[in-house]
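Participant: Predicted model, plus sequence, below.
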Number of protein chains: 2
Amino acid sequence: MGAVGVATAAAISIAPKLAKHLRLNLNSFLSAFPKSTTTVVPLFCRRRRLSSPLSPPFPSRSFCAATLQSSDGAAATAHSKVGEFRRKLKVVDVKGGPDQGLDKLGHCLVITGWVRTLRLQSSVTFVEINDGSCLSNMQCVMDSGAEGYDQVESGAITTGASLWVQGVVVESQGSKQKVELKVNKIVLVGKSDPSFPIQKKRASREFLRTKAHLRPRTNTFGAVARVRNALAYATHKFFQENGFIWVTSPIITASDCEGAGEQFCVTTLIPNSHETADSPVDAIPKVKNGLIDWSQDFFGKPAFLTVSGQLNAETYATALSDVYTFGPTFRAENSNTSRHLAEFWMIEPELAFADLNDDMACATAYLQSVVTWGSDLQSEHERYITEEAFGGCPVIIRDYPKDIKAFYMRLNDDGRTVAAMDMLVPKIGELIGGSQREERLDYLEARLDDLKLNKEAYWWYLDLRRYGSVPHAGFGLGFERLVQFATGMDNIRDVIPFPRTPASAEF
Amino acid sequence: MGAVGVATAAAISIAPKLAKHLRLNLNSFLSAFPKSTTTVVPLFCRRRRLSSPLSPPFPSRSFCAATLQSSDGAAATAHSKVGEFRRKLKVVDVKGGPDQGLDKLGHCLVITGWVRTLRLQSSVTFVEINDGSCLSNMQCVMDSGAEGYDQVESGAITTGASLWVQGVVVESQGSKQKVELKVNKIVLVGKSDPSFPIQKKRASREFLRTKAHLRPRTNTFGAVARVRNALAYATHKFFQENGFIWVTSPIITASDCEGAGEQFCVTTLIPNSHETADSPVDAIPKVKNGLIDWSQDFFGKPAFLTVSGQLNAETYATALSDVYTFGPTFRAENSNTSRHLAEFWMIEPELAFADLNDDMACATAYLQSVVTWGSDLQSEHERYITEEAFGGCPVIIRDYPKDIKAFYMRLNDDGRTVAAMDMLVPKIGELIGGSQREERLDYLEARLDDLKLNKEAYWWYLDLRRYGSVPHAGFGLGFERLVQFATGMDNIRDVIPFPRTPASAEF
């Protein structure tokens, strides 16, 4: 990508009083511009800043300083062009390759990050900096000749502080890393108060859950975040490369054809902000007999958080052939265990013109794709997965008795079982649950009747069987369980950034 | 991918009574298996199916029939291996290349999909089949010699019906396409009731919103779904390739440091399922003075649907350097316009060691990456985007008066403005809003005081400034507005599968 903007010639000045009306005036405002690419307009006339707020040593991303320049070099109200965006240089870029950084010997570069440890020796100081890009720190070595060394001497640089460091990549004398940074210049960006709760001594995972805003700065939670990210991207990659379309199923639903488990109610009848939380029960509107008056709620009827996007995904699968959802789902079950979350992410593929065998083949191929190879999982986890997880034996169980399974599963020819499958994996248990869906209108209606479910509510779901019905199948996978499977973390609360469980929805 | 499963030798039979206890017995159950890859176990002994439920002509995905085989070829209770998963052949695979299908001449293949139109001529019948993989249909030509032609003659095949068609790719005599399928065999998979509401005549978008489960079967909504998908994947690709980590910010939040707009309350104090929706107001627990007793709610305090993941993303950016969220957010504003949704998807990148210039550069590079090239947008939309959308002029406005902007934006040196920016694009208006965040603890606390916000509630957000604070910046982009920008759709309700707006949360 080259420079992206070309400044236009005319200077535009916007009166301050226009600010609040900017949206209203957008059309006429825009029409004042000649054809061009992205243009930057300062809202107020003001003096040109002499320095970036990041102060002298900060290059804007990586090596390249991208600074704003006004088009005529003078008027502060002139258009400016947008600088080039570059991937920031990270520790993983230096040390993550096969040579572990030896290919960068002699390079002068800048690293930014947070201090993990600081060791002062008589003639030399070691600072380990982590920027979250990989498990590995950048060991920075400096002596009193380094610019800014007085900040080390004054004791201002402590664990948790943020640093900007410039230096040259040299071979490391230590055995823990191939290269280290010989520091020319060091800048303390942000001090760390001595109360910083994540010190070198190992903190328990229970304690770290109370510091969910700081725990990604630890080795374990940093690694979990990276694995979670890699699994999510590998998920999209697998489905995209196999021709699936990502569909967003709705989060809020007033459709009353759900019913798997307890749901959260979504309402504006009771406080719709923290400021109004002290609200009397009597203020809730009611109809004559004292029941809640749902007609006054936001959606005009009771609405809930979704428990599954499957039924919605089916509507798109029967139009686009193969689709998948990847979004949050919810359970209001009061389960205070290491296996349950009130809010978790689900992946739900749905395949048209497919049966249970296709479904199992897809689930197996998916799982192999995201945690065998082809994904960019951190190498620190590869060994665990191959040796531990896949050393065990994923098993699929299929064809369950219809009475213990959901209404939409396809009845097998035996009349007693349905075309359902669960994939079980070591340590996690059920990782995937799927089924072929009942595509025959008469069978599906009979099943709804058997279960005394309200057929009217399912009108749109039944329509899919009324108009060009096709055999189709899909499965659901709890994303957090997949992250557990890949990382070996025991407690599901430790594989999602901000876990929601009974009595806990902090941060 | 080769075959993925190797059957183990021993036959496993599971007694039906075990079914309900399967989860409990998982560990001992799994320990019975030798090391192996994925194994399929039928839950019940039953006769081996002689045919797939998709019946004779259906190959499992594309050309390759993947059938279950029991390991010893006899016992129905034996392990089986999982078949190979293959990408299903779609119309886009045949016609989507540069040769528009001419490279496939003479190939015999199978297409599945839904009938768009049917034209009977004296000696030959044309059926246009669409499978949702692209705008283009597969034109299928057949005469009375085709197997299954009686289904055409009987009138059973109508618009909306689903078909399985086998034929040979031949040059088309028509001018609308290069190739067509000369049909050997046709199978009606699912009839379409004559009431099918999406007939050839153009239906209004207002009408189609009431048929949200069927509208993806139209040209317009199929294309919107594919563009939406391409934009989502291009979004992930851009950030992943630039070293950002995808972070899931929480959907439910009891943290009371939100406040941008009206929020939905999430509760189990009032009905937690449709079955119990007829609930008296008096049943809601109250404390002595008649106020709602939040201690009895699921989270022990009032909880709401998130309006933004930004504050949470900041906690990860200040550990992992660069992160982004991509998830649903909510507004309980009673705005019944073509520009507002109660539930929409947001993309919120957050960059550490970055200022407003970096932020603008990132926003510009992102937008160019996802709607210029590098994404796999359907060619039908490329022209629109280049000629219409980018023919206009995206503009960034920066440095707004602090009084009209949020508390977390960084105060500029003039003391009057904050380092905020909005990117405006033709027809949409504000597409992106971002800012550099206030990283100075004393400034941020003063700002909270000025606004009479409760500092205690922000303890964890302030911690980020207390421990190794860094300059950081980010932006938010409403994903549906991006889809509007890329497709030119006027109403935001037409670019999300199931729109949620006041009084409307159907499907």
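Facilitator: Here it is on my side, so go on. Model, not experiment: these values are computed from the prediction.

Participant: anything in stretch A:327-336 near chain B?
Facilitator: Yes. Stretch A:327-336 is in contact with chain B by Cβ under 8 Å from any Cβ of the partner chain, via A:327, A:328, A:330, A:332, A:334. Placement of C-beta: from N, CA and C, glycine included.

Participant: Could you count how many residues lie near the third one?
Facilitator: Meaning residue A:330. Counted with other Cβ atoms under 10 Å in any protein chain shown, residues neighbouring residue A:330 total 25.

Participant: For the residue nearest to it when sequence neighbours are not counted, list each beta-bridge partner.
Facilitator: Among residues not flanking residue A:330 along the chain, residue A:305 sits closest, at 3.9 Å (Cβ to Cβ, 6 or more residues apart in numbering or on different chains). In this entry, residue A:305 is beta-bridged to residue A:252, by DSSP bridges.

Participant: who's in contact with residue A:305?
Facilitator: Neighbouring residues of residue A:305 by Cβ atoms under 8 Å, 6 or more residues apart in numbering or on different chains: A:251, A:252, A:253, A:263, A:264, A:266, A:329, A:330, A:332, B:251, B:252, B:266.

Participant: now do 7 Å
Facilitator: By Cβ atoms under 7 Å, 6 or more residues apart in numbering or on different chains, the contact set of residue A:305 is A:251, A:252, A:263, A:264, A:266, A:330, B:266.

Participant: Produce a PyMOL select command limited to the buried residues of the residues of stretch A:327-336 next to chain B.
Facilitator: To isolate the buried members of the residues of stretch A:327-336 next to chain B in PyMOL, using 16 or more other Cβ atoms under 10 Å in any protein chain shown:
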select buried, chain A and resi 327+328+330+332
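
Participant: List the ones among the residues of stretch A:327-336 next to chain B that fall in strands.
Facilitator: Of these, the ones assigned to strands by DSSP state E are A:327, A:328, A:330.

Participant: Give me the pLDDT for the second one.
Facilitator: Residue A:328 carries a pLDDT score of 98 in this model.

Participant: Any regions of the stretch 251-400 of chain A where pLDDT drops low?
Facilitator: For the stretch 251-400 of chain A, the stretches with pLDDT under 70 are A:256-261, A:272, A:373-393.

Participant: Please apply the same query to chain A.
Facilitator: For chain A, the stretches flagged by pLDDT under 70 are A:1-39, A:42-79, A:200, A:256-261, A:272, A:373-393.

Participant: where along it do the helices fall?
Facilitator: Per DSSP state H, chain A carries helices over the ranges A:26-31, A:91-95, A:149-153, A:205-209, A:219-241, A:310-320, A:356-371, A:379-383, A:441-450, A:459-466, A:479-487.

Participant: need the contact list for residue A:264.
Facilitator: By Cβ under 7 Å, 6+ apart, the contact set of residue A:264 is A:304, A:305, A:330, A:332, B:266, B:267, B:268, B:272.

Participant: got it, and residue A:419?
Facilitator: Contacts of residue A:419 (Cβ under 7 Å, 6+ apart): A:356, A:399, A:409, A:410, A:412, A:435, A:436.

Participant: re earlier: max pairwise distance over the contacts of residue A:264: which two?
Facilitator: The most widely separated members of the contacts of residue A:264, counting by Cβ to Cβ, are A:330 and B:267 (12.2 Å).

Participant: returning to what we had before: among the ones in strands among the residues of stretch A:327-336 next to chain B, find me the one that's closest to residue A:165.
Facilitator: Nearest to residue A:165 out of these is residue A:328 (Cβ to Cβ; 38.7 Å).

Participant: Bridged to that closest one, which residues?
Facilitator: residue A:345.

Participant: hang on, it packs against residue A:345?
Facilitator: Yes. Here residue A:328 reaches residue A:345: they are 5.5 Å apart, a contact under Cβ atoms under 7 Å.

Participant: ok, so what distance separates residue A:149 from residue A:143?
Facilitator: Applying Cβ to Cβ, to the nearest Å, one obtains 7 Å for the distance of residue A:149 from residue A:143.

Participant: between these two, what contacts are shared?
Facilitator: Joint contacts of residue A:149 and residue A:143 (Cβ under 7 Å, 6+ apart) do not exist.

Participant: Looking at the two, which is more packed in?
Facilitator: residue A:149 (17 against 13).

Participant: Find the nearest non-adjacent residue to the more buried one, please.
Facilitator: residue A:142 (6.2 Å).

Participant: Next, the contact list for the one you found, please.
Facilitator: Applying Cβ under 7 Å, 6+ apart, we find residue A:142 in contact with A:125, A:149, A:183, A:186.

Participant: please redo it, this time with the cut-off set to 8 Å
Facilitator: A:124, A:125, A:127, A:149, A:152, A:167, A:182, A:183, A:186.

Participant: No further queries at this time; thank you.
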